[in-house]
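Visitor: What shape does this take:
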Amino acid sequence: MNKEIQEYNQSLEEVELCKKLSTLIDKNLKNAENKIWHSHPVWFIDGNPIVGYSKQKKGIRLMFWSGADFEEPGLNVRGDKFKDASIFYNSEEEINTADIKRWLEKGSHDKVVEYQNHQILM
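Guide: Below you'll find the model as predicted:
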């Protein structure tokens with residue numbers, strides 16, 4: 001795992017939840033580049049963001065940049081300007097591994113919206 005992402009995870013109260021998310025993402029997006037982008041962990045394929053997470057008031061937000069196209073009821077927090085969709089977690093127990101694997105599969109193989117020239121803040 002990227003050292004900066006490890007440090008990000010360690011800086012949060014929800015360290016175990018974030019470690020579980022980052023491990024799950026790393027395991028299922030093996031060819032993705034990952035880094036801290038706009039102060040949050042983000043995974044990219046061919047320079048385009050696929051998934052990332054951030055600490056927010058409602059919890060840890062797991063966001064898929066093209067998630068609105070997945071047609072998944074679990075990704076029920078929709079962005080206003082882009083095709084992103086998210087889910088919030090407050091504990092490790094809330095994480096449904098099968099859902100995340102399916103969303104990562106869709107994110108890595110479906111048509112990915114090119115965001116390289118857009119500023120998207122999580």
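
Visitor: Can you tell me the element E4 falls in?
Guide: helix 3-10 (DSSP states H and E).

Visitor: where do the helices sit along this protein?
Guide: For the chain, the helices defined by DSSP state H occupy 3-10, 15-28, 97-109.

Visitor: Show me how far stretch 63-78 is from its chain's centre.
Guide: Centroid separation for stretch 63-78 versus its chain: 11 Å, with CA atoms, centre = their mean, to the nearest Å.

Visitor: Using neighbour counts, pick out the buried residues of that stretch.
Guide: Buried residues in stretch 63-78, counting neighbours by 16 or more other CB atoms under 10 Å, are found at 63-70, 72, 75. For every residue, glycine as well, the C-beta is placed using N, CA and C.

Visitor: May I see these arranged in JSON lines, with pLDDT as well?
Guide: As requested, the buried residues of stretch 63-78 are exported to JSON lines (pLDDT from 0 to 100):
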{"residue": "M63", "pLDDT": "97"}
{"residue": "F64", "pLDDT": "95"}
{"residue": "W65", "pLDDT": "92"}
{"residue": "S66", "pLDDT": "89"}
{"residue": "G67", "pLDDT": "91"}
{"residue": "A68", "pLDDT": "90"}
{"residue": "D69", "pLDDT": "90"}
{"residue": "F70", "pLDDT": "91"}
{"residue": "E72", "pLDDT": "92"}
{"residue": "L75", "pLDDT": "94"}
